[in-house]
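In: show me the folded form of this:
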Amino acid sequence: MTADARLVLASASPRRRELLARLGVPFEVVVSGVDESSTVATDAPGLTAELAERKARAVAALRPDRIILGSDTVIDLDGRVLGKPESPDHALAMLRDLRGRTHRVVTAVFVLDPATDTSHAGVATTMVTMRDVSDAELTAYIATGEPMDAAGAYTIQGGAAAFVIGVEGDLDTVIGLPTALVRTLLAATTDHRH
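Out: Numbering: from 1, shown residues only. Purely as a prediction, here's the structure:
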């Protein structure tokens, strides 16, 4: 990516910042401020794709000369979408539903170049299996505050790593930014600038 094609990450997530930094691409962070509660889509791939695009387009209005990357992650448990918990009790209910079962983690990425009005998008999915975690372990984990800003009320690279017994797919998708997909979408988008 050339110096004039600086990237903007439209996300407040420190996990996404860390993953994007690993790609060695210079970027700045601009939080979109998009209201995630007002969505049209109801299935996990559609919902994440819609929110990733809305985040990118909101930030594009502020940085029209930059390439914008929006992303969103949710949990799909048998067709039921789990986003971020609204309270510690909500987090406990989510984690109780997830324990002892396998669920899908769905992360969408939307890359937009406002200068050429081109965009590229994709959705990545990873299957995660949790062991049958006790209520005491869940309560102790929730008390750390870590689950409150994460889809499904857990971060696989944090304290909930001890709950996970199986991952089928890309771990970066679960953390919040599928870097292989990001690399592909950025390459496709920057090709349009030349």
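In: residues in contact with Val74?
Out: Applying Cβ atoms under 8 Å, 6 or more residues apart in numbering, we find Val74 in contact with 44, 47-48, 81-83, 105-106, 151-152. All C-beta spots, glycine's among them, are computed from the backbone N, C-alpha and C.
In: would you list these in CSV and tack on pLDDT, distance to Val30 and neighbour count?
Out: Formatted as CSV, those follow (pLDDT from 0 to 100; distance: Cβ to Cβ, whole Å; neighbours: other Cβ atoms under 10 Å):
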residue, pLDDT, distance to Val30, neighbour count
Ala44, 94, 25, 28
Leu47, 94, 22, 21
Thr48, 95, 20, 29
Val81, 93, 26, 19
Leu82, 93, 27, 22
Gly83, 90, 21, 21
Val105, 97, 25, 28
Val106, 97, 24, 25
Ala151, 92, 21, 25
Gly152, 95, 26, 28
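In: can you list the buried residues in the lowest-mean-pLDDT helix or strand in the chain?
Out: Sorting the helices and strands of the chain by mean pLDDT, DSSP states H and E puts helix 179-191 at the bottom, at a mean of 91. Buried residues in helix 179-191, counted by 16 or more other Cβ atoms under 10 Å: 179, 181-182, 185-186, 189-190.
In: tell me the one of those residues nearest Ile75?
Out: Closest approach to Ile75 among the buried residues of helix 179-191 (Cβ to Cβ): Leu181, at 18.1 Å.
In: against Met148, how distant is Ser87?
Out: To Met148, Ser87 is 8 Å away according to Cβ to Cβ, to the nearest Å.
In: looking at the two, which one has more neighbours?
Out: Met148 (15 against 10; other Cβ atoms under 10 Å).
In: per-residue pLDDT, that one?
Out: Looking at Met148, its pLDDT stands at 92.
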